[in-house]
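**Student:** okay, here's the prediction I keep looking at, along with the sequence it came from:
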Amino acid sequence: MQTLRLKTSSTDGAQRARPGPGDLAPLLAGAATAVGAAGALLALADSDSPLRGPLTLFFLLATPAAAIAAALRGLDPFGRTLASLAGAVVVDMLVAQGMLATHQWSATGGIVAVTALSSLIFLLVLVRRLRGRTERRRNP
């Protein structure tokens, strides 16, 4: 956590330090999570809201992209963003293709399937990281 300090200037008096660009990352991540959750809830509730389409589309792109980005920690930021967005489109298309091939297509089923796949990817990343920590503790 960062402490904001008062800067004194001979001309302005006391001013607050401005937050840097790194300070906004958690705020933006929280806002993206809220927007994605709202999109999923609107779609699952079968709401007639005009925001249903754009928020659901954001959810369907952001959720698998975040999961894939978590798995690609070693890449530079641009490559990671590009690969995770491409992977999100692939996940969405594979879910749609699988549901159409089995004649089980539904919007709520697609959202549930994308959520389940993204959660599985997040879980695998978490397990891999926890395993790496325990192995490092055993072998100093």
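**Tutor:** Good, I have the coordinates.

**Student:** show me the contacts for the closest residue to residue 62 other than its chain neighbours.
**Tutor:** Nearest residue to residue 62, sequence neighbours excluded (C-beta to C-beta, 6 or more residues apart in numbering): residue 36, at 5.0 Å. Placement of C-beta: from N, CA and C, glycine included. When the contact criterion is C-beta atoms under 8 Å, 6 or more residues apart in numbering, the partners of residue 36 are 55, 58, 59, 62, 63.

**Student:** report pLDDT for the fourth one.
**Tutor:** As predicted, residue 62 sits at a pLDDT of 94.

**Student:** burial check on residue 46, number of neighbours?
**Tutor:** By other C-beta atoms under 10 Å, the residues close to residue 46 number 9.

**Student:** remind me which residues of this structure are low pLDDT?
**Tutor:** Scanning the chain for pLDDT under 70 picks out 1-22, 134-140.

**Student:** residue closest to the middle of it?
**Tutor:** Compute the mean C-alpha point of the chain, and by C-alpha atoms, centre = their mean the closest residue is residue 66, 3.4 Å away.
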